[in-house]
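*Asks:* Here is my input; please provide its structure:
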Amino acid sequence: MLVFACVWPLRLLRTYLVHSKAHYLFIYENEVQQGPFPPTVVQRMLRDGEITEAAFVWREGLAEWQPVNSVLPRLASIRQKEYLKFLGEPIPRGMTFEEAQQRLDTLVANNPAKKLALDRWDVLAKKRDELASYFERAEMKCPISDFEAVVALESIEAVHPNDFASIPSYEIARFFKAHRDHRSWEDHPATDAQKAVLRSKRIPYNGLTKKQASDLIETIYNGATEGQVRRLQFYGINCEGLTKKEACVIIDDYIATHPDAENDYQRWKMNGCPSINNSCGAPPERCSFGLGKLIQKLFQ
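*Replies:* A predicted model of the protein is given here:
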């Protein structure tokens, strides 16, 4: 009797746990099975692109695997929600992808002003996403928030309305890194540990702040290599203050958009690396996009 009294509650608990997850979903895509996940998690994965509409799902009660969209409605995407928020529209909880798209189409159908504003915001959002991808590939944290990024991009767009979309990510990233908000402690004098590192490298440190010393030390240990600097100079790209990883990303992006760049560089090396006019401290005008003037205007 005592054994029965102990086992019975355990059986009830096991039954509850099994049936409480009966609505959880298994996911199958590209010959990989995942799960089980709650429906809300699967909806988020579909919305964020972690799985595609080609995925199949199964849960208790289904006779066979079903397309994910036939089991769960696709929720509104983050970009759709941003569009609606930008236009001042409410976003009901659980809004589907189709409902959001229909609402957006209705809003801009007979309103050229809203259509123009939305197109402009779309350019800013894509540039922000492009910049976020750049920082991620360079293994760096974006120094300002998403909201601050859009505000800064609007300022840059105002100065460069015609060529804004073509400004390279590394130029905007340099602008963000140079003018991020400084914490108050960064203005304090360099620490003894920082001075010791700089002293060991025979670098003057008198009068340096914590931030200045930190930037110098980062450049010493993580700065672009001599080969990367030489290549960037040849391409006419400002290489000042770049990390090794960041320089690698910029070089890869440049070669991807300039098919002859690698051959030109190798020919230049075979000719003994003749003198070039470009230098890290003075990038050519074609690569600057006037950001120096913009910086002066925004932070006077």
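*Asks:* can you give me the strands in the chain?
*Replies:* 25-29, 32-37, 56-58, 66-67 (DSSP state E).
*Asks:* and these as TSV, adding distance to residue 161?
*Replies:* C-beta here means a position set from N, CA and C on the backbone, and glycine is covered the same way. Shown next, in TSV, are the strands of the chain (distance: least, CB to CB, whole Å):
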stretch	distance to residue 161
strand 25-29	43
strand 32-37	45
strand 56-58	46
strand 66-67	44
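*Asks:* List just the one of these that sits closest to residue 88.
*Replies:* Smallest distance to residue 88 across the strands of the chain (CB to CB): 34.0 Å, for strand 32-37.
*Asks:* hang on, the earlier thing: for residue 202, find the nearest of the strands of the chain.
*Replies:* strand 32-37 (54.3 Å).
*Asks:* by how many degrees do that closest one and strand 25-29 diverge?
*Replies:* For strand 32-37 against strand 25-29, the angle by axes from the mean of the first three to the mean of the last three CA atoms, to 10 degrees is 160 degrees.
*Asks:* Pick the most buried one from the strands of the chain.
*Replies:* strand 56-58 (a mean of 20; mean count of other CB atoms under 10 Å).
*Asks:* Just give the strands next to that strand in its sheet, each with its orientation.
*Replies:* With DSSP bridges as the test, strand 56-58 is paired with strand 25-29 (antiparallel), strand 66-67 (antiparallel).
*Asks:* May I see the buried residues of stretch 130-143?
*Replies:* 131, 134-135, 137-138, 142 (16 or more other CB atoms under 10 Å).
*Asks:* Please produce CSV containing those residues, extended by pLDDT.
*Replies:* Listed next are the buried residues of stretch 130-143 as CSV, based on pLDDT from 0 to 100:
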residue, pLDDT
131, 81
134, 80
135, 77
137, 79
138, 75
142, 68
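*Asks:* List just the nearest of these to residue 243.
*Replies:* For the buried residues of stretch 130-143, the nearest to residue 243 is residue 138 (6.9 Å; CB to CB).
*Asks:* now the closest one, nearest residue through space, not along the chain?
*Replies:* residue 246 (4.2 Å; CB to CB, 6 or more residues apart in numbering).
*Asks:* if we can go back for a sec, helices - which of the buried residues of stretch 130-143 land there?
*Replies:* 131, 134-135, 137 (DSSP state H).
*Asks:* So which of these is the closest to residue 66?
*Replies:* Nearest member of those to residue 66, counting by CB to CB, is residue 137, at 36.5 Å.
*Asks:* Max pairwise distance over the buried residues of stretch 130-143: which two?
*Replies:* 137 and 142 (12.1 Å).
*Asks:* need the contact list for the closest residue to residue 130 other than its chain neighbours.
*Replies:* Spatial nearest neighbour of residue 130, excluding adjacent residues (CB to CB, 6+ apart): residue 169 at 5.6 Å. Counting by CB atoms under 8 Å, 6 or more residues apart in numbering, residue 169 touches 130-131, 133-134, 253.
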